[in-house]
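In: next comes the sequence, and after it the predicted model I'd like to discuss.
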Amino acid sequence: MVPPPDEPMWIEKSLAGDGVAFAALVKEYQKMVVALAFRMTGSLSDAEDLAQETFLRAFRQLGSFRAESKFSTWLCQIAINLSLNWRTREGRRGEVHSQWAENALTDSSSGFPDELSRRVQMALDKLPAKQRAAIVLTVYENRSHAEAAELLNCTEATVSWRVFAARQKLKRLLKGVGA
Amino acid sequence: MKKFEFDSILKKARIPEPPAEFWEDFPGQVARQLNRPPKSEPERLPRRNWFSWLAWGLGTAMCIVLAFIAGHWRGRMEASRPQDILANPKLVHETLAMFPNQVRAIVEDHSGLRLVLSDGGTLPPSPPLYVRICDGKECSSFVTFSGQEIQVAGRQMTVLADTHGGIILTGNDFVWASDQKIASVNGMYIEARNLGLAAL
């Protein structure tokens, strides 16, 4: 993703507390953050809540942003960490929630544009959270294994292993899809 | 199916599109949240009398006992669960192929699967050795190579293969050899076999 030319100015103004400048940053990256959160949670309403939490946290922690990395990468890191924590939090809600989530995905009126999209998201939702995060970053966000390792705070070998294990499981779950 | 073909299927999947108004309203919603005053400190709770402290204490003690019993029961259940992922030669082969001459061991224990890679340099090629150890409480299995030192179930051990395909395990307080036909040593049940590259 190529950053817009005004991005450094928006960041500088946001640091000074300018809400309008920060809203411009939100507008620029809202689709990326909502999509990432949706892939991680499988629920649009949760993705919208997570996206909001991501931007609020980004605003509060903007002072810790270092310009040597891209703003989108930094934002991505906040979103993926919140999504992983959301998973842990939701995991505690137990079987009732997971059954509800599965029903929501199985429901044909759940808003997916096509059958393939729904099946892929159902398969992603069956992966362990860290494997899902590795797939979301490397396949959907086009990050290298080294970048994903930095975002997930683990080694590159660990990311390769998670991607490998996730692919094996996804291949089994998506057998016959796209054939 | 090739990797790029599979990736293209994954990438074709699109997410449900929120209504257009959502994208228009969302930046404003975030901005409004930024302007909200920080949450006030919660009011201090009234002082509890000694009876309520006693009730809380007893309740906490009961929770700790129940958690201990549940944890103990779960541990026993997990120890008896069969672990056989590493017995799958295809998985082992694919994993070793991903990191040629870099894998020191693939370990499967109560915490799941772990990959142990060499810190530097490459390891000499040798046939993979499968070892499974049960110590009465839990079982761990791993695939490694002759000459590797491995930490399993809290024990440091060296795994060696002889020229006849036999496997020898040596630790601080034991030596075990597959050709002795003795499965149990120092309270550990050991099973080992040479997977051999040909078998993969």
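Out: Structure received.

In: ramachandran angles for the spatially most central residue of chain B?
Out: With distances taken as CA atoms, centre = their mean, chain B has residue B:112 as the residue nearest its mean C-alpha position (2.2 Å). Main-chain dihedrals, residue B:112, degrees, to the nearest 10: phi 110, psi -160.

In: again with residue B:190
Out: The phi/psi pair for residue B:190 (degrees, to the nearest 10) is phi -120, psi 140.

In: identify the bridge partners of it.
Out: Legend: beta-bridge partners of residue B:190 under DSSP bridges are residue B:133.

In: and the gap between residue A:144 and residue A:29?
Out: The gap separating residue A:144 from residue A:29 is 20 Å, by CB to CB, to the nearest Å. (Each C-beta comes from the backbone N, C-alpha and C, glycine too.)

In: got any ranges where chain A has weak pLDDT?
Out: Applying pLDDT under 70 to chain A picks out residues A:1, A:87-110, A:178-179.

In: how far off centre is the longest helix seen in chain A?
Out: In chain A, taking DSSP state H as the definition, the longest helix is helix A:19-41. Relative to its chain's centre, helix A:19-41 lies at 10 Å (CA atoms, centre = their mean, to the nearest Å).

In: the domain parsing of chain A - what is it?
Out: A:8-92, A:126-174 (automatic domain parsing).

In: between residue A:144 and residue A:29, which one's more packed in?
Out: More crowded of residue A:144 and residue A:29, by other CB atoms under 10 Å in any protein chain shown: residue A:29, with 23 against 12.

In: nearest residue to the more buried one other than its sequence neighbours?
Out: residue A:75 (5.6 Å; CB to CB, 6 or more residues apart in numbering or on different chains).

In: what's near enough to touch that neighbour?
Out: A:29, A:32-33, A:54, A:58 (CB atoms under 8 Å, 6 or more residues apart in numbering or on different chains).

In: tabulate the residues you listed (a markdown table), appending distance to residue A:171.
Out: Converted to a markdown table, the contacts of residue A:75 look like this (distance: CB to CB, whole Å):
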| residue | distance to residue A:171 |
| --- | --- |
| A:29 | 32 |
| A:32 | 27 |
| A:33 | 28 |
| A:54 | 31 |
| A:58 | 35 |
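
In: farthest pair in those?
Out: Farthest pair in the contacts of residue A:75 (CB to CB) is A:32 and A:58. Separation: 12.4 Å.

In: compare those two (neighbour count), which wins?
Out: For residue A:32 versus residue A:58, the count of surrounding residues by other CB under 10 Å is larger for residue A:58: 24 against 17.

In: part of a helix, is residue B:101?
Out: No: assessed with DSSP: H, G, I helix; E, B strand; the rest coil, residue B:101 is coil; it does not lie in a helix.

In: buried residues in stretch A:25-37, which are they?
Out: Of all the residues in stretch A:25-37, those buried under the rule 16 or more other CB atoms under 10 Å in any protein chain shown are A:25-30, A:32-37.

In: ditto for stretch A:172-179
Out: By neighbour count on 16+ other CB under 10 Å, the buried set for stretch A:172-179 is A:173-174, A:177.

In: also stretch B:10-21?
Out: B:10, B:13, B:15, B:18.

In: then stretch B:54-71?
Out: Within stretch B:54-71, no residue is scored as buried using 16+ other CB under 10 Å.

In: any residue of it touching chain A?
Out: No: if you take CB under 8 Å from any CB of the partner chain as the test, stretch B:54-71 misses chain A, and the best it gets is 14.7 Å.

In: quick one: contacts for the residue sitting nearest the centre point of chain A?
Out: Centroid-nearest residue in chain A, with CA atoms, centre = their mean: residue A:36, separated by 2.7 Å. Counting by CB under 8 Å, 6+ apart, residue A:36 touches A:76, A:79-80, A:83, A:136, A:140-141.

In: no further queries at this time; thank you.
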